[in-house]
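Okay, sequence plus prediction incoming.
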Amino acid sequence: MESNKTGQESFDEVQSLQVIREMIAVSHKKIRHDGILFIVWGWIGFLNYWIGFYQATVVHTYRVGQLFKYGGIILPLAGFIFTAIYLYRQRNRVTTYIGISLRYVWSSLVVCMVLVNLIQNNVLHKITFEFQHPLFMVLIAFAIVITGGILRYRLIIFGGIVFGLLAYFSSYLPLRQQLLAEAIGWLIAFIIPGHILYSKRKS
């Protein structure tokens, strides 16, 4: 009787470990596919901030300025639409704790950025972009590091650290150079890890 109980416990432990391994394998496979979101938002962020730097640095025509203006609206809107469609199509696939956790992280980031603006307006009675910009970069850097920690992906963690350091150095710079610093941050923290993750999706 006792040996049967011991055997059952041993079987349960082996079965549990197998389930955990399968869950981890599914999570890693899904994460590699989700690298497309890093790529999309990485390029959107990079292009928006690089264009902002370009506009503040180079003299251009009114028509080019309008093109940049509307591009700065269309790109994020297209990103939100793509993300919504992507998540909608993924809804029937295996939902992992990792995926749920990451949604909370990035949803909370957006809420915190709105709160930072509201607090800044309440305290300073205006929005100071030279102050706001490094603060937003710090919040994004925090979310990136948390994401890398959840995924156990060192390259993303490294990108988040670089993003945070760029936020600190940006506080010494005028706004146009802050925009360039953030464009570099999006390249290092999003575009490069996203392409590497997505390239491994079939492995």
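Noted; the coordinates are in hand.

Lowest-scoring secondary structure element of the chain by mean pLDDT?
helix 2-57 (a mean of 68; mean pLDDT, DSSP states H and E).

With adjacent residues omitted, what lies nearest to the residue nearest in space to the middle of the chain?
Most central in the chain under C-alpha atoms, centre = their mean is residue 144, positioned 5.7 Å from the mean C-alpha point. Nearest residue to residue 144, sequence neighbours excluded (C-beta to C-beta, 6 or more residues apart in numbering): residue 160, at 3.3 Å. Any C-beta I mention is one placed from the backbone N, CA and C, and that applies to glycine too.

what's near enough to touch the one you found?
With contact set as C-beta atoms under 8 Å, 6 or more residues apart in numbering, residue 160 has these partners: 141-148, 189.

May I ask which helix or strand encompasses it?
In this assignment (DSSP states H and E), residue 160 forms part of helix 154-170.

The helix or strand following that helix: which residues count as buried?
Sequence-wise, the next helix or strand downstream of helix 154-170 (DSSP H and E) is helix 175-186. By neighbour count on 16 or more other C-beta atoms under 10 Å, the buried set for helix 175-186 is 175, 178-186.

Of these, just say which sits nearest to residue 115.
Nearest to residue 115 among those is residue 182, at 19.8 Å by C-beta to C-beta.

quick one on the thing from earlier: now do the residue nearest to residue 144 against residue 151, distance only.
Here the criterion is C-beta to C-beta, to the nearest Å. By it, residue 160 lies 11 Å from residue 151.

How about residue 63?
From residue 63 across to residue 151, the span is 43 Å (C-beta to C-beta).

between those two, who's got more neighbours?
Higher neighbour count among residue 63 and residue 151: residue 151, with 20 against 8, using other C-beta atoms under 10 Å.

Can you get me a residue count around residue 80?
Number of residues near residue 80 (other C-beta under 10 Å) recorded here: 11.

Going by neighbour count, which residues in the helix or strand encompassing residue 121 are buried?
Element membership of residue 121 [criterion: DSSP H and E] is helix 97-124. Judged by neighbour count using 16+ other C-beta under 10 Å, the buried positions of helix 97-124 are 98-99, 102, 105-106, 109, 112-113, 116, 120.

do the same with stretch 53-67
Going by neighbour count (16+ other C-beta under 10 Å), the buried part of stretch 53-67 is 53-55.

which other helices and strands contact whichever helix or strand comes after the least confident helix or strand of the chain?
For helix 2-57, the following helix or strand on the C-terminal side (DSSP H and E) is helix 62-89. Under the contact definition 3 or more C-beta pairs under 8 Å, 6 or more residues apart in numbering; DSSP states H and E, helix 62-89 sits against helix 2-57.

Fine by me, thanks again.
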